[in-house]
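>>> Need coordinates for the below:
(2 chains, ligands or ions: 1)
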Amino acid sequence: MRVGLFVTCLVDLMRPRIGFAALRLLEAAGCEVVVPTSQTCCGQPAYNAGDRRGARLLAEKLIVEFEGCDHVVAPSGSCAGMIRAHYPNLFSDDPAWCERAAALGTRTHELSDFLTTVVKLDKAPGDFIGTVTYHDVCSGLRELGVKAQPRALLAKMPGVRLVEMEGAEECCGFGGTFAVKFGDISARLAEKKCENVRTSGADAVVLGDLGCMLNIEGKLRRMGDEKTRVLHIAEILVGGAERGS
Amino acid sequence: MQIRSMHFKGRASAAAADRVLQGKLATAKGLFVDGRRRAVAEIDLEATREASQAIRNRAVAHLDLWLERFEQEATRRGGQVLWARDGAEICRLVTDIARRHGVKKAIKSKSMLSEEAGLNAALEAAGVQPVETDLGEYILQINDNEPPSHIIAPVIHKTKEEVADLFARVHQKPRKTEIGEMTREAREMLRTHFLSADMGISGGNFLVAETGSVALVTNEGNGRMVTTLPRVHVVITGVEKVVPTLEDLATLMRILPRSATGQSISNYFSVLTGVKRPEDTDGPEHLYFILVDNGRVDLLGSDFQDMLRCIRCAACMNHCPVYQTIGGHAYGWVYPGPMGSVLTPLFVGIENALDLPHAATMCNQCGVVCPVKIPLPDLMRKLREQQVERRLRPWGERAALKLWAWLARHPSLYAFAAKFGVRYLNWLAEGGDRIRVMGVAPSWTAGRDFPTPEGRTFRELYKTRRNE
Ligand code: SF4
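Numbers count the residues shown, from 1 in each chain, chains lettered A, B, ... in the order given. Here you go, the predicted model:
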């Protein structure tokens, strides 16, 4: 099975190790992984800013890059959601492109969803030990139905104990450019999320979207919490959870 | 109502720092969110949402036909149907009616259209005393006509203590803090108004085309007095509120109170049909329906037609993380929260509410709770698109987006820029794992740190690894 890894622009810039963790997981699951080197961004920032034209050009680029793959996997709920739920709509006035977009959309998955429902990974290579809580990122949850999948994967890890936090499904306040346009509202939402994370008593909060990770980690540290770790589901599954490893 | 939506940003910032306000909103959230969750568990939620969406779509798709039918049926039962294009026409029609019937005092139950029109001020100017009888609206009225901050719980931003102070001051009575006693006091104040009013003004949750009826969903019983005690009853509601049949109404009533207040059924539910007949013991002698456009008709056939399905349940704002943080006043007009972020620009002009469609994280919590499945984030995005098309976005934002989108289409330049950007952020972090002040996005670092990038981009590392 030929799987295209869409690294996502934020992982590329900020946390390459998440990209490599995803790569390892897909290989562990027996996939032939291709990483198109010309890939950049799915176009979500343009799309949500109202720049439909800009978003469409980037969508065309991504479709061309990944069309040859059996599946596309992204370590991000919102990027996978962009391709799956929104690309077809970008081409609503162009049947040929719309069809290509829809065809790629149905083959596009968020990482934990792909590992659980498509390749049915039975063992995670990681050996993380500790208590974690899972934050459901909005697009993953509400656009793609990612809820049970990451929890099922965590349940396969003997050293991991999952505790649910209050309001796990509530938005952390990131929202892309919202985090900058309305910085104070965004930070206030992040604070509520971080309070819930801390009250859960978990050693780490685990999630599947880098924007939300940066928001939560940034707020935890500003609140003086140096200890609670913020990990991507891919990091914990491969066990390379230490910073810089 | 005066439009203050252009001041959203400043007011929202102030509200975001107001912990007292957030305490009150948190209580309300507990009530509404948990209440809804319990109540919708009693029904087949998804099937009822589908059915409700279909009913509202059917009504909106042939709005003219259903409205004509409504007019016929209502007229046949002694009502008179009038049409208002905008707020000014609402005011003119209502003051004309008041004059015709020699009205000195009008009691009102909740009507958002009356807020859209600023009706109370117009009535006062015409020598008619308007008295709000919904407890929340009454509190706002005696507090110098303060605007509501929620469409079904207008004083959600006030504590009991604040209301106690207000009552003591305005009623000139000893201060009470027990809720039962406070409502009793308000009721006593209102009773004389109920008995002396010549006209009742209400909104309408639905209009039923096949019977010419108006349906009212209330919890305080004031709606009944307003619509049955005075000689004249004026219903003011949006043209989109019509539904074809009583059966449709029954379906929608399974989901409206549950979505709104978490009640299986509201305390009062009235279906009012026609004027008082000789055999009736009560009811108005004169019944007027003022059906209002005020921007609604333009939405037909537009990208925003979905919004006309709205049944004003407020679930979207109750569940909205942004609303829960800043409350309703910041939105600056009649409708707050996600539905307001769509409706306000459409009704008052996109250029008069530029921030509202952007004041959302696109978490879609609103979309998944909306009982008639309005894709609110998609509609906000469409409004953003219109802002871009009409060049209403700030210059800096447009330039930054253009540059970024251009780079993203040129992979090698993009790779170079990314490499440079990451090095720059690392330099800002001075070797640490976080950036405390980031010049390019000061609003991020005002409230939180920005984690430092790892050091090299994925594409750089991937290239070296592949070459190894
Ligand atoms: S948009 Fe939907 S959730 Fe919001 S008030 Fe209207 S019907 Fe209710």
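>>> Quick check, residue B:401 in contact with residue A:50.
No: contact criterion Cβ atoms under 8 Å: residue B:401 and residue A:50 do not qualify, at 9.2 Å. C-betas here are computed from N, CA, C, even on glycine.
>>> quick one: which of those two has more around it?
residue A:50 (23 against 19; other Cβ atoms under 10 Å in any protein chain shown).
>>> Can you check the pLDDT for that one?
Looking at residue A:50, its pLDDT stands at 96.
>>> That one touches residue B:380, doesn't it?
No: counting by Cβ under 8 Å, residue B:380 is not a contact partner of residue A:50; they are 9.4 Å apart.
>>> Can you report how many residues lie near the residue in the stretch 351-468 of chain B that the ligand sits nearest to?
Per Cβ to the nearest ligand atom, residue B:370 is where the stretch 351-468 of chain B lies closest to the ligand, at 3.3 Å. For residue B:370, the count of nearby residues is 26 (other Cβ under 10 Å).
>>> List the contacts of the helix or strand containing residue A:72.
Here residue A:72 sits within strand A:71-74, counting by DSSP states H and E. With Cβ atoms under 8 Å, 6 or more residues apart in numbering or on different chains as the test, strand A:71-74 has contacts from A:1-8, A:22, A:26, A:31, A:42, A:66, A:80, A:83, A:104, A:107-111, A:114, A:118.
>>> Which members of these are classed as buried?
Among the contacts of strand A:71-74, those scoring as buried are A:3-8, A:22, A:26, A:31, A:42, A:66, A:80, A:83, A:104, A:107-111, A:114, A:118 (criterion: 16 or more other Cβ atoms under 10 Å in any protein chain shown).
>>> ok, and which of the residues you listed reach chain B?
residue A:7 (Cβ under 8 Å from any Cβ of the partner chain).
>>> Next, residue A:230: secondary structure please.
The three-state assignment at residue A:230 reads strand, by DSSP: H, G, I helix; E, B strand; the rest coil.
>>> Against residue B:462, how distant is the spatially most central residue of chain B?
For chain B, residue B:335 is the residue whose C-alpha lies nearest the centre (Cα atoms, centre = their mean; 3.4 Å). The gap separating residue B:335 from residue B:462 is 49 Å, by Cβ to Cβ, to the nearest Å.
>>> what sits against the residue lying closest to residue A:137 once chain neighbours are set aside?
Nearest non-adjacent residue to residue A:137, counting by Cβ to Cβ, 6 or more residues apart in numbering or on different chains: residue A:209, 4.0 Å away. Residues in contact with residue A:209 (Cβ under 8 Å, 6+ apart) are A:76-78, A:137, A:139-140, A:174.
>>> Give me the phi and psi for residue B:414.
Dihedral pair for residue B:414: phi -60, psi -40, per degrees, to the nearest 10.
>>> And it, how far from residue B:91?
57 Å.
>>> Touching, residue B:185 and residue B:176? I think so.
Yes: if you go by Cβ under 8 Å, residue B:185 and residue B:176 touch, sitting 6.2 Å apart.
>>> shared neighbours, these two?
Each of residue B:167 lies in contact with both residue B:185 and residue B:176 under the rule Cβ under 8 Å, 6+ apart.
>>> burial measure for residue B:415, as a count.
As a measure of burial, residue B:415 has 19 neighbours, counting by other Cβ under 10 Å.
>>> if we can go back for a sec, leaving out sequence neighbours, find the closest residue to the residue of the stretch 351-468 of chain B closest to the ligand.
Counting by Cβ to Cβ, 6+ apart, residue B:316 is the residue found nearest to residue B:370 once chain neighbours are left out, at 5.7 Å.
>>> Mind telling me what element residue 39 is part of?
Reading this off chain A. Using DSSP H and E, no helix or strand contains residue A:39.
>>> that's the other chain; I wanted chain B
According to DSSP H and E, residue B:39 maps onto helix B:35-40.
>>> do the helix or strand that that helix is followed by and chain A meet at all?
The element immediately downstream of helix B:35-40 (helix or strand, assigned by DSSP H and E) is helix B:45-61. No: against chain A, helix B:45-61 shows no contacts by Cβ under 8 Å from any Cβ, the least distance being 13.5 Å.
>>> mind listing what's buried in helix B:45-61?
For helix B:45-61, burial by neighbour count (16+ other Cβ under 10 Å) applies to B:45, B:48-49, B:51-53, B:55-57, B:59-60.
>>> picking up where we left off before, of the contacts of strand A:71-74, which belong to strands?
A:2-5, A:108-110 (DSSP state E).
>>> Looking at the residues you listed, which is nearest the ligand?
Ranked by distance to the ligand (Cβ to the nearest ligand atom), those are led by residue A:110 at 26.7 Å.
>>> OK, contacts around the closest one?
A:73-77, A:80-81, A:140, A:144, A:146, A:149, A:208.
>>> likewise residue B:264?
By Cβ under 8 Å, 6+ apart, the residues touching residue B:264 are B:39, B:42, B:257-258.
>>> can you give me the strands in the stretch 101-250 of chain B?
Secondary structure of the stretch 101-250 of chain B (DSSP state E, counting those that start in this stretch): strands located at B:105-108, B:129-132, B:199-202, B:206-208, B:213-218, B:232-238, B:242-243.
>>> Of those, flag the one that's most buried.
Counting by mean count of other Cβ atoms under 10 Å in any protein chain shown, strand B:199-202 has the highest mean neighbour count of the strands of the stretch 101-250 of chain B, with a mean of 29.
>>> Thank you kindly, that will do.
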